[in-house]
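1. need a structure here:
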Amino acid sequence: MPRYRRKKVDPALLRELEAALEDEHCGECGSASCDINAAWDHGYPLWAANLLIGATECPRTEAALAAINPTHEEMATECDEFVENVPHVTCDACNAIVWESADGDRPEECDNCLEAVSWEDGEDEDEEEEGGEDEGEGEEGEDAEVIDFSLHAFCRRAGYCVAVKDGYPVDPCM
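-> Below you'll find the model as predicted:
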């Protein structure tokens, strides 16, 4: 569940947004490679609505999100928390992101290209990178800038040009 660092949202407006998302997209979508469905399924309705509005016409979702009127910073915070808190891997075959379901199921194949995905390799790489950074600190390590562009396409679909540096979004185009 997201840890909102934002103003309190009227529960009635939030329920309307969630109903609109379910009606206009998420009720029919079960894809583990769908960023919109994953955000909605994991309790990030503002980010799901932002993604859906950027992808297609959805008047009910657009009106519900406008009624909540989140700021750019609030939307970025929900995006950050979604990416940080929801387990996912990148498909080696097509570069799509495959999201763990809200009940903890990890798909064995990418819904985008139907190739097998490996959850263990992604976890092992993260652990090795973290250990490598701790052990390799020094003059070069302090000045080195590591930017992970694997989520770049995910955020660009939403209209944000963002990559991930040290686990936080950065704008690689600035």
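
2. what comes up buried for the helix or strand that contains E16?
-> If you go by DSSP states H and E, E16 is part of helix 11-21. By 16 or more other CB atoms under 10 Å, the buried positions in helix 11-21 come out as 14, 16-18, 20-21. Bear in mind the C-beta positions are built from the backbone N, C-alpha and C, glycine included.

3. now do stretch 23-42
-> So, applying 16+ other CB under 10 Å, buried residues of stretch 23-42: 24-26, 29, 31-42.

4. Which member of these is positioned nearest T77?
-> T77 lies nearest to A39 out of the buried residues of stretch 23-42, by CB to CB, at 13.1 Å.

5. C29 is in contact with the closest one, correct?
-> No. Under the criterion of CB atoms under 8 Å, A39 is not in contact with C29, lying 11.3 Å apart.

6. Okay, now the unreliable bits of this protein?
-> 1-7, 121-174 (pLDDT under 70).

7. Mind doing that once more with 90?
-> 1-11, 26-30, 54-56, 69-78, 95, 111-112, 120-174 (pLDDT under 90).

8. Going along the chain, name the strands of it.
-> Remark: strands assigned in the chain by DSSP state E are 88-90, 97-99, 147-148, 163-165, 168-170.
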